[in-house]
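Chemist: model this:
(chains A and B)
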2 protein chains.
Amino acid sequence: MPTIDEIAKLSNVSKTTVSRVLNDHPYVSEEKRKRVLEVIEKLDYIPNTSARKLRSNKTMFLAVSVPHADHPFFAQLMKHMSAEALKHQYKVIVFQTFYQKQNELKVLELLKRKEVDGLMLCSLENEWEDIKKYVKYGPVVLANEFHAEADVPVICYDEFEAGYKGTELFIQKGHHLMAFCCDTIHSKAQIMRKEGFLKALSDAGLCFQEKWMFSHAFTIHDGFRIMDQIHNMSEKPTAIFTGNDQVAAGIIKRARYYQYEVPKQLAVLGYDNQSICEVTDPEITTIDIPVEELAQKAVCAMVNLLNGESGLQRDVVTLSPTLKIRQSV
Amino acid sequence: MPTIDEIAKLSNVSKTTVSRVLNDHPYVSEEKRKRVLEVIEKLDYIPNTSARKLRSNKTMFLAVSVPHADHPFFAQLMKHMSAEALKHQYKVIVFQTFYQKQNELKVLELLKRKEVDGLMLCSLENEWEDIKKYVKYGPVVLANEFHAEADVPVICYDEFEAGYKGTELFIQKGHHLMAFCCDTIHSKAQIMRKEGFLKALSDAGLCFQEKWMFSHAFTIHDGFRIMDQIHNMSEKPTAIFTGNDQVAAGIIKRARYYQYEVPKQLAVLGYDNQSICEVTDPEITTIDIPVEELAQKAVCAMVNLLNGESGLQRDVVTLSPTLKIRQSV
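Modeler: Residues are numbered from 1 along each chain as shown, chains lettered A, B, ... in the order given. Coordinates of the predicted model:
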């Protein structure tokens, strides 16, 4: 393997210049950079990244933790985070928790062992107390997920507002009997969403019936299951806040199979504004989440932490969800 | 920072035992492992991963290259690859090409610079000639994508058979006028799929009309656009091989808007067997791709290469697609 000395000699520049070219440093003339790169190419020189990383104490890797990489919302978040991170020369490691506490601890270990420079948690499986212990090892950003005590940057959207706005729409359309779906009951973000839902109900003098609370609602198939359950109930809701477009699509499809009129007999509200909303019949009225902005702001917060431009402290950025009106409510 | 010597002393074991515990080596008694881990915890010892990686010359990272992380098929592939890799202690870096040649070269550079131990290419943007140069730097596996000259393990499914089987189904249903969609025209996998499509046509004495070839077909919105184009044609196809369930869903939705009867006036065949097939009306008849098996076999081939249990050479594993009959054909 050729050395930096040899490259410097052959390209007739200093070792510092070679090092600058290798590290994409801006203060090198185009002419010199070209010359150095030609010699590197000719000698087939490969910088030893592990050695470089050991010196710089940086890996240029960020871990992003999601429940499932193929859930449409998280896949979109991952896409935008990865694209944004790459603009800052960071590569993204996808880490799936599959909603398991011990998997989340594994990604926290990556931070502890300095295998990544930072960690973006897009969901939370463990109590904050257990996650907190790892914050001293490297920067953590909460993205999409919320926690009231997390003393790190939190980039989320207003789940309470989303819950309130969606429910208000049902009420405006004359619904009184409302069901609510969530995926994991312990998610703080979903608890806030439910609080918004309940507040809108109580502001309108309405009550929520616990029998119309459906959990583990992630997929189209969960939508089928929930609609089967509703169909078998003696007292049925007339509107359902699904928290997820996939679930909404499944409910609508199965409701039509049972010959319910949607939205007249059962109004269905989606969540996320995924493209599936446009192919169901009726099309899905949903809550539009600014996912690209969320991803960009989260990566930006992480890069600022890594560059020492901001301190690791609680800093909540809350984006606004909006209603996207189509046909299902 | 405490040293391995101190840990060995405090836990009353040899340095070798401490090193074995740190590296998850199996030949350590449970009792000793526990003792060492307690001391590590107490001293808050963190092994320096970069130093360890420099010694072992392994990063335990694999890069997976896909066009978009949020395309349902690639998201699913990513999910299964990441889960499978983790079983072998490898973490997956998601790398998106956005169908750009220069982005694919960036992921190849990761391999060259030893930032990852291996690379799984799930799509191909560059000519094999340009990719080939990088194979000497580390193991490359082609997964999902096919190339006739690639001298590396290739895990794919039989695209020719998929193209043939789908078209045969159209012909059995009495269709003569068939359209074909693809995403990128230069993908070798899609060229083979089209060859299967054309062979089934010619075996039935039918011709293909180039005006019914639609490219850049990835999303639901592309399905809308293609259906708009068909609707404006004076001579229309009666069947369309979409190559993608999202595109099929978009075409079906828009066809119904224009009051076409699906499948009577326009039969629509999906591809991938995504869950969206079950919510459209009519439901989508599609080609089922064994995506989990594909992911597992690709990771397995990579791990074998990394462990030196197989050589880097051409080795094509072809999985079989099957027809999933629903309502749209």
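
Chemist: show me the contacts for residue A:275.
Modeler: By CB atoms under 8 Å, 6 or more residues apart in numbering or on different chains, the contact list for residue A:275 reads B:219, B:220, B:221, B:246. C-betas here are computed from N, CA, C, even on glycine.

Chemist: next, count neighbours for the second one.
Modeler: The local packing of residue B:220 (other CB atoms under 10 Å in any protein chain shown) involves 23 other residues.

Chemist: so it sits against residue B:247, correct?
Modeler: Yes - judged on CB atoms under 8 Å, residue B:220 makes contact with residue B:247 at a distance of 7.3 Å.

Chemist: give me the below-cutoff pLDDT ranges for chain A.
Modeler: A:1, A:24, A:47-55 (pLDDT under 70).

Chemist: which parts of it are helices?
Modeler: Secondary structure of chain A, counting by DSSP state H: helices at A:4-11, A:15-22, A:30-43, A:49-56, A:72-87, A:101-112, A:128-132, A:159-172, A:188-203, A:220-231, A:245-257, A:291-306.

Chemist: distance of the nearest residue to residue A:260 once chain neighbours are set aside from residue B:110?
Modeler: Spatial nearest neighbour of residue A:260, excluding adjacent residues (CB to CB, 6 or more residues apart in numbering or on different chains): residue A:266 at 5.0 Å. For residue A:266, the distance to residue B:110 equals 50 Å [CB to CB, to the nearest Å].

Chemist: so the two - more neighbours on which side?
Modeler: Neighbour totals were compared for residue A:266 and residue B:110, and residue A:266 leads with 25 against 22 (other CB under 10 Å).

Chemist: what's near enough to touch that one?
Modeler: Contact analysis of residue A:266 by CB under 8 Å, 6+ apart lists A:230, A:236, A:237, A:238, A:239, A:240, A:251, A:255, A:260.

Chemist: of these, closest to residue B:215?
Modeler: Lowest distance from residue B:215 to the contacts of residue A:266 (CB to CB) belongs to residue A:251, with 35.2 Å.

Chemist: residue A:228 touches residue A:254, doesn't it?
Modeler: Yes - taking contacts as CB under 8 Å, residue A:228 lies within contact range of residue A:254: 6.8 Å.

Chemist: which of these two has more neighbours?
Modeler: For residue A:228 versus residue A:254, the count of surrounding residues by other CB under 10 Å is larger for residue A:254: 22 against 13.

Chemist: the more buried one against residue A:223, yeah?
Modeler: Yes - at 6.7 Å, residue A:254 and residue A:223 qualify as touching, with contact defined as CB under 8 Å.

Chemist: for the stretch 1-150 of chain A, which residues are neighbours of chain B?
Modeler: Contact residues (CB under 8 Å from any CB of the partner chain) of the stretch 1-150 of chain A with chain B: A:46-51, A:53-54, A:57, A:59-61, A:63, A:68-72, A:75-76, A:78-79, A:82-83, A:86, A:91-96, A:98, A:106, A:110, A:112-115, A:137.

Chemist: with distance to residue B:294 added, can I get the contacts of residue A:275 in CSV?
Modeler: As requested, the contacts of residue A:275 are exported to CSV (distance: CB to CB, whole Å):
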residue, distance to residue B:294
B:219, 22
B:220, 24
B:221, 27
B:246, 19
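
Chemist: how far is stretch A:177-185 from where the chain is centred?
Modeler: Averaging C-alpha positions (CA atoms, centre = their mean, to the nearest Å) puts stretch A:177-185 20 Å from its chain's average.

Chemist: and what of stretch A:80-88?
Modeler: Here stretch A:80-88 is found 13 Å from its chain centre; the criterion is CA atoms, centre = their mean.

Chemist: mind listing what's buried in it?
Modeler: By 16 or more other CB atoms under 10 Å in any protein chain shown, the buried positions in stretch A:80-88 come out as A:80, A:81, A:82, A:83, A:84, A:85, A:86.

Chemist: and the nearest residue to residue A:223 once chain neighbours are set aside, how far from residue B:79?
Modeler: Nearest residue to residue A:223, sequence neighbours excluded (CB to CB, 6+ apart): residue A:250, at 1.9 Å. Separation of residue A:250 from residue B:79 (CB to CB) stands at 19 Å.

Chemist: of those two, who's got more company?
Modeler: Using other CB under 10 Å as the criterion, residue A:250 and residue B:79 rank with residue A:250 on top: 28 against 24.

Chemist: what residues are up against the more buried one?
Modeler: For residue A:250, the contact set (CB under 8 Å, 6+ apart) comprises A:219, A:220, A:221, A:222, A:223, A:224, A:226, A:227, B:278, B:279.

Chemist: if we use 7 Å, what do you get?
Modeler: Contacts here follow CB atoms under 7 Å, 6 or more residues apart in numbering or on different chains; on that basis residue A:250 touches A:220, A:221, A:222, A:223, A:224, B:279.

Chemist: and for residue A:195?
Modeler: For residue A:195, the contact set (CB under 7 Å, 6+ apart) comprises A:160, A:163.

Chemist: quick check, nearest of the contacts of residue A:275 to chain A?
Modeler: Taking CB to the nearest CB as the measure, chain A lies nearest residue B:220 of the contacts of residue A:275, at 4.5 Å.

Chemist: quick check: that closest one touching residue B:246?
Modeler: Yes - the criterion here is CB atoms under 7 Å, and residue B:220 meets it with residue B:246 at 5.0 Å.

Chemist: residue A:187 and residue A:145, how far apart?
Modeler: The gap separating residue A:187 from residue A:145 is 7 Å, by CB to CB.

Chemist: er, residue A:306 actually
Modeler: The gap separating residue A:306 from residue A:145 is 20 Å, by CB to CB.

Chemist: again, but for residue A:85
Modeler: 18 Å.

Chemist: got it, and residue A:18?
Modeler: The gap separating residue A:18 from residue A:145 is 44 Å, by CB to CB.

Chemist: more crowded one of these two?
Modeler: Comparing residue A:18 with residue A:145 by other CB under 10 Å, the one with more neighbours is residue A:18, at 26 against 21.

Chemist: for the more buried one, give me its contacts.
Modeler: The neighbourhood of residue A:18, defined by CB under 7 Å, 6+ apart, consists of A:4, A:7, A:8, A:36.

Chemist: report the buried members of these.
Modeler: Buried members of these, scored by 16+ other CB under 10 Å, are A:7, A:8, A:36.

Chemist: thank you, goodbye.
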